[in-house]
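Colleague: Here is my input, please return the structure:
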Amino acid sequence: MATLRVPDIVPSPAEDCKTLKKAFQGWGTDEKAILKVLGRRNASQRKNIRETFQQLYNKSLIDELVSELSGDFRKAVILWTYDPPERDARLVNEALKSRKKGIREFQVIVEIACASFPHHLVAVRKVYFSLFDCSLEEDISSNVSLPIQKVSSLN
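Modeller: Numbering: from 1, shown residues only. Okay, the predicted model is just below:
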């Protein structure tokens, strides 16, 4: 398994945006360039890149990634590009809206709830409400079947 390293001198968000824009142009998409930029930046740097991309090109970086990439690679890159609380809120919503409503579909919710710091969970709840106009708790109670609710209510 390869390790991605953050460069000693991190390019400016504008330079990263130019690299990404160039990766989107022409026949095909330069996936290696996308990974080189987004894979070697931390969450705050990726947020700055998203904001700068919007300012420079009047386009959403997420929308560009959706149109240029496909399959599991697209899903992974897009989730990586979101802020962690937004990513987790979207993952929870996807699990809740899944046609299947079994234990397997809710594993992501359990993982987020158990492996996150309290301040991260508060951020996820705030982002969830802003994205989906519903509290996370309300969505869970309205989308989780009774047997699973009974299991989750055991303290």
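
Colleague: alpha carbons only for contacts and neighbour counts from here, please
Modeller: Noted.

Colleague: Name the residues of stretch 70-78 that come out as buried.
Modeller: Arg74, Val77, Ile78 (16 or more other C-alpha atoms under 10 Å).

Colleague: Tell me the one of these nearest Lys59?
Modeller: Checking those against Lys59 by C-alpha to C-alpha gives Ile78 as the nearest, at 15.0 Å.

Colleague: My guess is the closest one contacts Ile62. True?
Modeller: Yes: contact between Ile78 and Ile62 holds when scored by C-alpha atoms under 8 Å: they sit 6.4 Å apart.

Colleague: Tell me how far Gln45 lies from Leu121.
Modeller: 21 Å (C-alpha to C-alpha, to the nearest Å).

Colleague: what ranges do the helices span in the chain?
Modeller: 13-24, 31-38, 43-57, 61-68, 71-81, 84-97, 103-115, 118-132, 136-143, 146-153 (DSSP state H).

Colleague: how far does the third one sit from the chain's center?
Modeller: Okay, so that is helix 43-57. For helix 43-57, the separation from the chain centroid amounts to 14 Å (computed by C-alpha atoms, centre = their mean, to the nearest Å).

Colleague: Show the secondary-structure elements that that helix is packed against.
Modeller: helix 13-24, helix 61-68, helix 71-81 (3 or more C-alpha pairs under 8 Å, 6 or more residues apart in numbering; DSSP states H and E).

Colleague: And the second one, by the same measure?
Modeller: The criterion is 3+ C-alpha pairs under 8 Å, 6+ apart, and the helices and strands that helix 31-38 contacts are helix 13-24.

Colleague: For Val127, list the residues it contacts.
Modeller: Pro85, Glu86, Ala89 (C-alpha atoms under 8 Å, 6 or more residues apart in numbering).

Colleague: PyMOL command for the buried members of those residues?
Modeller: Those of the contacts of Val127 that count as buried under 16+ other C-alpha under 10 Å are selected in PyMOL with:
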select buried, resi 85+86+89
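
Colleague: Out of the contacts of Val127, the closest to Gly28 would be?
Modeller: Glu86 (28.6 Å).

Colleague: any idea what sits nearest that closest one, other than its immediate chain neighbours?
Modeller: Val127 (5.9 Å; C-alpha to C-alpha, 6 or more residues apart in numbering).

Colleague: which residues touch stretch 69-76?
Modeller: Thr29, Leu65, Val66.

Colleague: No more questions from me, cheers.
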